[in-house]
Structure formats: C-alpha cells, structure tokens
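Student: What follows is a predicted structure for the sequence shown.
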Amino acid sequence: MNASEITSASTTLGVGLVGAGARRSAGVRLQRFAVAYGVVVVFLALFVVMSVASDAFLTKTNLLNLLEANADIGIVACAGTLVIVAGGLDVSVGAIYALAAVLSAKLAIDVGVVAGIVAGIGSGIVMGLFNGLVVTVGRVNSFVATLAGGIVFQSVAQVVTGANLLTPEQASFTDLGRNSFLGIKWVVWMFAATIVVTSVLLARARFGREASVVGANPEAARLSGVRVARVRCMTFVLSGFAAGIAGVVVTSQSGQADANVGGTGYVLAVIAAIAVGGSSLRGGEGAIWRTVLGVLFLGLVTNGLHLLDVNPTYDQLFVGLLILLAVAAQVVGRRHAGSGTT
Amino acid sequence: MLQRLRDYGVAVALVLLCVVFTASTNDFLTSDNIRNLVEQAAEPGLIALGMTVVIIAGEFDLSAGAIFGFGGVIAAVVNNSSGMATAIAAGLAIGALLGLINGLIVSRGGIESFLVTLATQFVFVGIAIYLTAGTNNWQIRDAEQFGQLAHGSIFGVQYGAWMALASFAVAGWVLARTAIGKQVFAIGGNLTAARVAGVRIHVVRVGVFVVSGLCAALAGVLAASDTGVAQADGGIGMEFSAITAVIIGGTSIAGGRGNVWRTIGGVFLLAVVANGFTLLYIDPTYNLLVQGSIILAAVIGDARVKRLVPA
C-alpha cells in the first residue's frame, strides 16, 4: 500500500482505539467506545434482529451450522490477522488452501490417510515459509510476493490434479471433517483452538508484541532489537499453516478436492473478515477477537439471508454493502474520536 | 547497466520469449498468430491500463473485474431495447459512474482503496446479477449486428485492438506530457506533498478511478460484443491478472512511478507464454506454472536490482 497515503490517513485515524487517561467528555468516550466495540454492537444487533425475524435462527442446529460453515475461513483469518498486524498482507492463502487440499486428497488416495493430512498441513507450512523468505530475504513487497507465490501454488495444484476432481472417500479421512466431539464438529473445535492459540500469541506472548511493533514501525522495531525479518517470516509461516489446515479440513468435509477451490475469492473473504472486525490493514493494530467477530458477522449475513429466503444470487450485494458500511463506520468513528489526539 | 536492465527487463524478457518461440515453432511468427495475440490482449490490456493509472496514483482497484461484467450486462440490456449505439454509450457511462462511486468513497470517505473496491466488487456484481434477473447472464438479441463492435476490423485487425491501442496512446500521452498526468504521479508519490503543492487531490484521485472504470467497462462491452452474451460475474479475477501484468511490467506497486508502456509489456509477456505453450502443444496445466514462475522470478529479480541500484 502507498506509504504516503498511509501517513496522511493515519494523521486523521491516529490513536483512536485506546482511551487516554485524560478527562474527556462523555460524548468523546461514547465515540471511542463505538469505534473500539462497534463490531460487537453491530454483530449483536444483527443477531437479535435475526432471532426475532426467523424462528429457525436461534436454534442449536443453526448456530452450530453457522460456526461449522465459517470455521475454515475463521482459521485462516485468525492467522491472517497476525500477518496484517505485522504490516504484511498474504493474498496467497486461497492458493495455499487449494494446493493443501489437492495434496491431502492425492496422498490420502495414493498413500494413506495420515500421509494425506500430514502432506496437506506440511505443504501449507512450506508455502508459508516460502512466502516469508521471499518477503524478508528477497525483500519483495508482501502483496506482490504473495500474489506471485499464489499463482505458482495454484498452478502446482493444477499440475497435481491434472484438472481432475479427486475424491478421497476413505471413512478415516472424511471422519476429520464430518465427525463430532461432544456434539460439535471437529472443525469447530479446531477453529476454537486456533482462536485460543493466535489470541495468546498476539496478546500475551512476546511474539505478538514484537509483531505489533514491526507492523507499526519496522525501523523502530529494528532499533529496539526486534529481529524484524524473523517475526515477519513467522507470521507468513503461521498463515500458510492455517491455510493448510483449512484446505485439509474442507477436503475432509466434502470428500473431494480440485485445483479450482480457493483462489482470490477465498482471499478476499478472509481479508474482508479481518477488515470488518476492525483490525487495521496498515498494520500495528488488531485483535483476534475482532477477526472472529468479523468472520461470524459475514457468516451471519449469509446465514440470515438464507433463512429469510432471500435469493442467494443477491448475497454478494448485501455482503458488499455491509463490508462497506462496517469499514466506513470505523473510519468515520475514528476520525471523530481521534480528534485532538494526534 | 543494472538500472537499464531493470527499466527494460520486461522488454528483454518479452523479446527473448519471442525468439525462443519463433525458433521452436513455425506457427509463432506468422501474421495470423501475431494478430490473434494482439486481438486477444485487448480486453485484459484495457483493464490493466486502467489499473496502471490507479496504481501510479497509489491506489488499487479490485472492482475492475466487476465493472467489466457490469458494463457488459448494461450494454446487453440496453442493446436489446434501444440499439447498439446507445448500448455502447450506456456501457461506458456506467463504467465511469461506478469508477466515480469508488473514487468518491476513497477520496471523500478517506478509506483505503483496497478495502473500498473489495467491498464494491461484491456490490457491483450483486447489482449486475440483479439486472440479469438473477440469471447471471444476458443474451444479446441481434448478436450478429452487436458483434460488429468486436469483430469488425481495420487493416485486418479487429476494432477492439485498435481501441486498446488508442487508449494506451492517450493515457500514455496524458501521464507523460500533461499537468494532470504529473499530478497523478504526484499524489501516488506523496499525497501530503502533492496537497501542499496545490494539487487538487480529490479531483485527481476520483479521476483515476473513473479512468479505471471506463477502461474496464469498455473491455466488458467488447467481451459482450465478442461472445454475444454478457455475464454479470464474468470479470471476477481479471483484476488480479491486471495487477499482475502491471507488476511484471515494472510499475511500482507503491505508487508514484511507472508508465503504461511497461504494462503493455506485462500483458504481452503473459499472453505470449500462454500462446507459445499452446503452439508447442505443451500440457496447458503447465502453462500457469511457467507464468507463475516467471512472475515470481521477475518480482524477486526486481527487488534485488532495486537494492543494488537505489532509485
């Protein structure tokens, strides 16, 4: 992204999120609260509206469906938040997801279920490491690096499948995606585990603090002894790891994989969820719970439209408008709340 | 030397590829094949042209693919009710309008263009699908006549290629030779400095999105004319191909630097690889792999040279 644009925009966006200790009027505090927790308010509002509008919404089955349908995006978006907080952008997650999916399917068929799962997740880590090295050692802009890397990964996926649909139907492979533990699908548990791990990493661990500093000001981070390249590289490895898991899990859910899954549409969904949650694409600032709410909010919109019998071809229109509204609300809110602090 | 290599890298690579394909197949350097290449590059080239202008101004337009579909759908719908000339005008006008909407939200709203156009991409596709009554595509009634726009030719080359060429020439001239062109570079290089220097940044910023919308819609109208059917989501993904072509050409993703001639190089580099592979009967699944590897090598090489020769 454009550095000067970022500078000028951040003068208006500024600090915004944290209430400084100084005495402030109730209005300013309210605005600050709205900016910091706007996504929570909007999410809860939509949740309440849906509960009233549709009998089928507030049922255990539907809520579990909602979680299950968005778990894979959620896993990728949580790790993607780490990349964005560290000032990067990973637009190859859709391609990593695709290659991990077809590799896991291919090996599950040809070798065995365990080999399939290991190959899928392992390839995600390798691709993430590759991205990280191109960005840090190669010093390529992360958007450019992952755009190019993504084209390579997606095309390797095509070579692997030879443009065929792979269908690993062994029960032990599809168990992972289809079976439940305590009445909740494994994929939801994995989403939960990802949330816990990435939250701890970002909010409690040294790695998270370092990533935030790297994203906010890489030069300052370097001067204060943070190994910038290592931290940035690690965020891409984690992002690849997560996309690998998502690829394996979805293949296991559906029992099939082809090279055309994922792609840029998947990437945009992931970035949209992170942005709607309120983490800044400029880096330095973000939280996992925000991303989780962003994922669930977008999931809720689609789920709600479905329950209200809106023609699914119009989903995109509503999703797009809501992304725009959410992002605009944050920007406007920060501008008001941030006045006088920058 | 290295600086030269960086500046002309895309041209060198393109020439090398052409030499290789000329040597390895008899069908590459024929007037038919070259004409084909040029004609097929018109639509992606137009989108990449708009993207170049937007990227030089320091922004992104992820909605270009959606505007491509939208312009085609509008042209198809209007053509069936009010004839071809109105249809073309309507298609282009809607492209400019959608670009205007993008530009106003980005510039007046102060929201990152990456996010704005990510969102409007969904919105535009959604509305275009609505316009097709939910069917996602719209048949053009007198496809024969409307097809003239894409299939008619001057000097044996189709109109679309000429239009793309003319668009590149105009945009190249405006960017390189006029005050407004310099202002596009100025806001991409340093927005605050440009503002201080008296550039009307809102006008220029909105303007580049209008240009991108126009280019994408023109490509969409051409595609609808070519195929006789407009598909609402037919352009999805084209925005990323366009960004790729711009990057391969060597225009800086950070804004403030670049030119449209480089983008022509980027567009043709991608097209020639695909074309050469078809002619050599290589399994098309490997085509994308080679394209991807070239792109990756190009961006890594570019970053290396940039470090050796500070700009």
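Tutor: Thanks, I have the structure now.
Student: Show the subsequent helix or strand relative to the helix or strand of chain B with the lowest mean pLDDT.
Tutor: Of the helices and strands making up chain B, the lowest-confidence element is helix B:143-146, at a mean of 74, by mean pLDDT, DSSP states H and E. Sequence-wise, the next helix or strand downstream of helix B:143-146 (DSSP states H and E) is helix B:148-151.
Student: Following element in sequence after that following helix, please.
Tutor: strand B:153-154.
Student: quick one: contacts of that following strand?
Tutor: B:159, B:162 (Cβ atoms under 8 Å, 6 or more residues apart in numbering or on different chains). C-beta: built from backbone N, CA, C; applies to glycine.
Student: What's the mean pLDDT across it?
Tutor: For strand B:153-154, mean pLDDT rounds to 81.
Student: Run me through the strand neighbours of it, direction for each.
Tutor: Sheet pairing for strand B:153-154, assigned by DSSP bridges, gives strand B:157-158 (antiparallel).
Student: hmm, who's touching the partner strand?
Tutor: So strand B:157-158 is contacted by B:35, B:38, B:39, B:42, B:150, B:151, B:152 (Cβ under 8 Å, 6+ apart).
Student: between those residues, which is nearest residue A:323?
Tutor: Using Cβ to Cβ, residue B:42 comes nearest to residue A:323 of these, at 31.9 Å.
Student: these two touch, right, that closest one and residue B:164?
Tutor: Yes. Assessed by Cβ atoms under 8 Å, residue B:42 is found in contact with residue B:164 at 4.1 Å.
Student: Of the two, which one has the most company?
Tutor: More neighbours surround residue B:164 than the other of residue B:42 and residue B:164, with 28 against 25 (other Cβ atoms under 10 Å in any protein chain shown).
Student: Wait, that one touches residue B:50, no?
Tutor: No. When contacts are counted by Cβ under 8 Å, residue B:164 is not listed as touching residue B:50 (11.2 Å).
Student: which SSE is the residue most central in space within chain A in?
Tutor: With distances taken as Cα atoms, centre = their mean, residue A:77 lies nearest the centre of chain A, 1.1 Å away. Using DSSP H and E, residue A:77 sits within helix A:60-85.
Student: and for whichever strand or helix holds residue B:23, what are the contacting residues?
Tutor: Per DSSP H and E: residue B:23 is located in helix B:2-24. Surrounding helix B:2-24, the residues in contact under the criterion Cβ under 8 Å, 6+ apart are B:28-29, B:248-250, B:262, B:265-266, B:268-269, B:272-273, B:275-276, B:279-280, B:294, B:298, B:301-302, B:305-306, B:308-309.
Student: of these, buried ones?
Tutor: Buried subset of those (neighbour count, 16 or more other Cβ atoms under 10 Å in any protein chain shown): B:28, B:248-250, B:262, B:265-266, B:268-269, B:272-273, B:275-276, B:279, B:294, B:298, B:301-302, B:305-306.
Student: I'd like the list of those residues that fall within helices, please.
Tutor: Secondary structure defined by DSSP state H assigns B:248-249, B:262, B:265-266, B:268-269, B:272-273, B:275-276, B:279, B:294, B:298, B:301-302, B:305-306 of these to helices.
Student: So, low pLDDT: which residues of the chain?
Tutor: All of this refers to chain A. A:1-25, A:27, A:30-32, A:34-35, A:171, A:177, A:333-342 (pLDDT under 70).
Student: switch to chain B, that's the one I care about
Tutor: Using pLDDT under 70, the flagged stretches of chain B are B:1-6, B:309-311.
Student: In contact with the closest residue to residue A:74 other than its chain neighbours, which residues?
Tutor: With Cβ to Cβ, 6 or more residues apart in numbering or on different chains as the criterion, residue A:74 has its nearest non-adjacent residue at 4.4 Å, and that residue is residue A:295. By Cβ under 8 Å, 6+ apart, the contact set of residue A:295 is A:70, A:73, A:74, A:77, A:273, A:277.
Student: at 6 Å instead, please
Tutor: Residue A:295 makes contact with A:70, A:73, A:74, A:77, A:273 under the criterion Cβ atoms under 6 Å, 6 or more residues apart in numbering or on different chains.
Student: which parts of chain B sit against chain A?
Tutor: B:58, B:109-112, B:115, B:118-119, B:122-123, B:125-126, B:129, B:134, B:190-192, B:237, B:240, B:247, B:253, B:255, B:285, B:288-289, B:292, B:295-296, B:299-300, B:303 (Cβ under 6 Å from any Cβ of the partner chain).
Student: Quick check on these: which are buried?
Tutor: B:58, B:110-112, B:115, B:118-119, B:122-123, B:125-126, B:129, B:190-191, B:240, B:247, B:253, B:255, B:285, B:288-289, B:292, B:295-296, B:299-300, B:303.
Student: Okay, and which of those residues map to helices?
Tutor: Among those, the ones falling in helices (DSSP H) are B:115, B:118-119, B:122-123, B:125-126, B:129, B:191, B:240, B:247, B:285, B:288-289, B:292, B:295-296, B:299-300, B:303.
Student: Which strands and helices lie in contact with the helix or strand harbouring residue A:94?
Tutor: Following DSSP H and E, one finds residue A:94 within helix A:93-110. Secondary-structure packing of helix A:93-110 (3 or more Cβ pairs under 6 Å, 6 or more residues apart in numbering or on different chains; DSSP states H and E): helix A:113-136, helix A:142-161, helix A:228-254, helix A:263-277.
Student: quick one, the second one and helix A:113-136 angle?
Tutor: Spelled out, that is helix A:142-161. Counting by axes from the mean of the first three to the mean of the last three Cα atoms, to 10 degrees, helix A:142-161 lies at 150 degrees to helix A:113-136.
Student: what angle separates helix A:142-161 from helix A:93-110?
Tutor: 20 degrees.
Student: How far does the least confident helix or strand of chain B sit from its chain's centre?
Tutor: How far helix B:143-146 lies from its chain's middle: 25 Å, per Cα atoms, centre = their mean, to the nearest Å.
Student: Going by neighbour count, list what's buried in that helix.
Tutor: Using 16+ other Cβ under 10 Å as the test for burial, helix B:143-146 gives B:143, B:146.
Student: residues making contact with that helix?
Tutor: With contacts defined as Cβ under 6 Å, 6+ apart, helix B:143-146 is touched by B:79, B:84, B:140, B:225, B:228.
Student: repeat that for 10 Å
Tutor: In this structure, residues lying in contact with helix B:143-146 by Cβ atoms under 10 Å, 6 or more residues apart in numbering or on different chains are B:75-76, B:79-80, B:83-84, B:87-88, B:140, B:151, B:221, B:224-229.
Student: and which of the contacts of residue A:295 is nearest chain B?
Tutor: residue A:273 (11.1 Å; Cβ to the nearest Cβ).
Student: Buried subset of the contacts of strand B:157-158, written for ChimeraX?
Tutor: Command for ChimeraX that selects the buried part of these, burial taken from 16+ other Cβ under 10 Å:
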select /B:35,38,39,42,150
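Student: Just give me the closest of the contacts of strand B:157-158 to chain A.
Tutor: The closest of the contacts of strand B:157-158 to chain A turns out to be residue B:42 (Cβ to the nearest Cβ; 22.2 Å).
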